[in-house]
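Asker: Need coordinates for the following:
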Amino acid sequence: MNNCIKDKDNCNDPDVISNINSLDDNHDNINVIDRFDRRSFLKKSAAITIGAGAAFGSSLLSNSLLSTSSSAYANNSNDQELKIGYIPITDATPLLIAYDLGFFKDEGLNVPKPVMVRSWTVLTESFIGQQFNFTHMLFPIPIWMRFKQKIPVKVLAWDHTNGSAVTVHQDSGIKGFSDLGGKQIAVPSWYSTHNYMIQMGITAKGLKPVIKPQGAAIASDEVNLFVLPPPEMPTALLGKKMDGFIVAEPFNALAEIKIKAKIMRFTGDIWKNHPCCVVVSHETLIKEQPVMIQKAVNAVVRAQLWCTKNLEKTAAILSRDKGKGYLPVNEDVLLRVFTGYNLKEYLTKSLPRAIMHPEWNIGRIGFQPYPYPSATQFIISQMSKTKVEGDSNFLHALDPISATNELVDDTFVKKAMKEMSIYGAFDSDSNSLSREEVIEIG
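Answerer: I've put the predicted structure just below:
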């Protein structure tokens, strides 16, 4: 499947091709695993982990390897270096801004330049292999890691809210979830906010999510899902290798601008101010180096506050043409991500209607660090209903409340939010440590 997706013969847009090429393994791009080449990196990771499941859930780690991973980290616990990896999506914004503006340095931390990797598989493997010890991850991945693979990962804070969308080819005829029958839709990981949210929409309209080879026959009431790394999605859509995708920004905005794709629905308009990526670290490191972790979370919370007040500057810093090239897209694409929630464009024009709830008063992407337990509990309960490749029976055994308490450590973020209040405050939702989850498929 991925071999045909990577075929760029049908793509004539140089900016889209450049976006993909900038992440290819044979390109010497300083933003892509710039501290080690990918092949030697994966060999090092393989000494501790086996695959971590190319589709997240399709392979198992042995008990001996898992114990090696934990003990190896304990031996390195005195290393004060904070090693950050990230996927080239705007979910990583707080980590990147905290590094670029010197917020980690202000906290007295030794933080090398964050390292970009191209897929969630590689990022997860590198975290398990301890190439990185502080990173962002799609919220369901730590759930899979901790409760199926027994990796001692802890969620410390939310990294951002909203920031994703369902994007479809302009000629697909798709106007809403009801039109996805018989279509091919890409998700970034089986264990992703995107997978369970697209399946929520599919099943709400009486359709069936299936996982089949792309060449297999699909019934009119079936929606075929498959995993594709986010950077490959715009080119695959342009080449009509699929009908649509659900993914984090900036790839929805890139597809809008460069190939005239349409946003079918913003995910934040389905689940108000939902979490997507979270900040994670190893439980051993947290226990051994709590002061370092507190300082790191302080820097991230400060960066989130800064981003909420400086959206245009954030876009410039992250861009490849006006900024530091942390993300492989130009400023105009990132400006659309951070400021492009235009009600007139998305609410009143012809279908699809990407926004159905203007009264929610949200943005295309937001930043808020507190990990509301109600949201984590909803994710865990929803994941047990979501089709994935591989064995997901472990999800049915989880109690959402006890699993939330085991997975999330909000000690550091609560202290950080109090200390960082000198720089301002988040929106009203963050003034309380509880909230009601608002979900509307439409």
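Asker: Quick check: the gap between Arg302 and Glu331.
Answerer: Distance of Arg302 to Glu331, given as Cβ to Cβ, to the nearest Å: 23 Å. All C-beta spots, glycine's among them, are computed from the backbone N, C-alpha and C.
Asker: Tell me which of those two has more neighbours.
Answerer: Per other Cβ atoms under 10 Å, whichever of Arg302 and Glu331 has more neighbours is Arg302, with 25 against 17.
Asker: what's near enough to touch that one?
Answerer: By Cβ atoms under 8 Å, 6 or more residues apart in numbering, the residues touching Arg302 are 98, 103, 416, 420, 423.
Asker: Which helix or which strand is home to it?
Answerer: In this structure, Arg302 sits in helix 290-309 according to DSSP states H and E.
Asker: buried set for that helix?
Answerer: The neighbour-count check on helix 290-309 (16 or more other Cβ atoms under 10 Å) flags 292-308 as buried.
Asker: same thing with stretch 341-352?
Answerer: Using 16+ other Cβ under 10 Å as the test for burial, stretch 341-352 gives 341, 346, 352.
Asker: quick one: pLDDT of the nearest residue to Gly268 once chain neighbours are set aside?
Answerer: Residue nearest to Gly268 in three dimensions, not counting chain neighbours: Asn162, with 3.0 Å by Cβ to Cβ, 6 or more residues apart in numbering. For Asn162, the pLDDT comes out at 97.
Asker: And for Ser64?
Answerer: In this model, Ser64 is scored at 30, pLDDT.
Asker: What of Gln80?
Answerer: At Gln80, the model reports a pLDDT of 72.
Asker: Could you count how many residues lie near it?
Answerer: Gln80: 12 surrounding residues under other Cβ under 10 Å.
Asker: need the contact list for it.
Answerer: Contacts for Gln80 were tallied using Cβ under 8 Å, 6+ apart; they are 109-110, 289, 292.
Asker: if you set the cut-off to 7 Å instead, what comes out?
Answerer: Each residue near Gln80 by Cβ atoms under 7 Å, 6 or more residues apart in numbering is listed here: 110, 292.
Asker: where's it relative to Ala98, distance?
Answerer: Distance from Gln80 to Ala98, by Cβ to Cβ: 16 Å.
Asker: Over to Val111?
Answerer: From Val111 across to Ala98, the span is 8 Å (Cβ to Cβ).
Asker: Please apply the same query to Val297.
Answerer: Look at Val297 and Ala98: by Cβ to Cβ, they are 10 Å apart.
Asker: which SS class is the closest residue in space to Lys387 that isn't next to it in sequence?
Answerer: Distance criterion Cβ to Cβ, 6+ apart; nearest residue to Lys387, sequence neighbours excluded, is Pro209 at 5.0 Å. Following DSSP: H, G, I helix; E, B strand; the rest coil, we place Pro209 in the strand state.
Asker: what's around Pro209, how many residues?
Answerer: Each residue near Pro209 was counted by other Cβ under 10 Å, and the total is 22.
Asker: and it, what does it touch?
Answerer: Contacts for Pro209 (Cβ under 7 Å, 6+ apart) come out as 199, 202-203, 223, 225, 387.
Asker: change it to 8 Å
Answerer: Contacts for Pro209 (Cβ under 8 Å, 6+ apart) come out as 198-199, 202-203, 222-223, 225, 387.
Asker: ditto for Ile174
Answerer: By Cβ under 8 Å, 6+ apart, the residues touching Ile174 are 168, 180, 183, 243-244, 262, 264, 352.
Asker: and those residues as TSV, adding distance to Val115, pLDDT and secondary structure?
Answerer: Listed next are these as TSV, based on distance: Cβ to Cβ, whole Å; pLDDT from 0 to 100; DSSP: H, G, I helix; E, B strand; the rest coil:
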residue	distance to Val115	pLDDT	secondary structure
Val168	32	98	strand
Leu180	36	98	helix
Lys183	35	98	coil
Asp243	33	97	coil
Gly244	30	98	strand
Lys262	33	97	strand
Met264	33	98	strand
Pro352	36	94	coil
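Asker: circling back to that earlier point, the residue nearest to Lys387 and Lys385, how far apart?
Answerer: When Cβ to Cβ is applied, the distance between Pro209 and Lys385 equals 10 Å.
Asker: Without its sequence neighbours, what residue ends up closest to Val300?
Answerer: Nearest non-adjacent residue to Val300, counting by Cβ to Cβ, 6+ apart: Pro94, 4.9 Å away.
Asker: What is the neighbour count of that neighbour?
Answerer: 29.
Asker: Mind telling me what element it is part of?
Answerer: Using DSSP H and E, Pro94 sits within helix 93-100.
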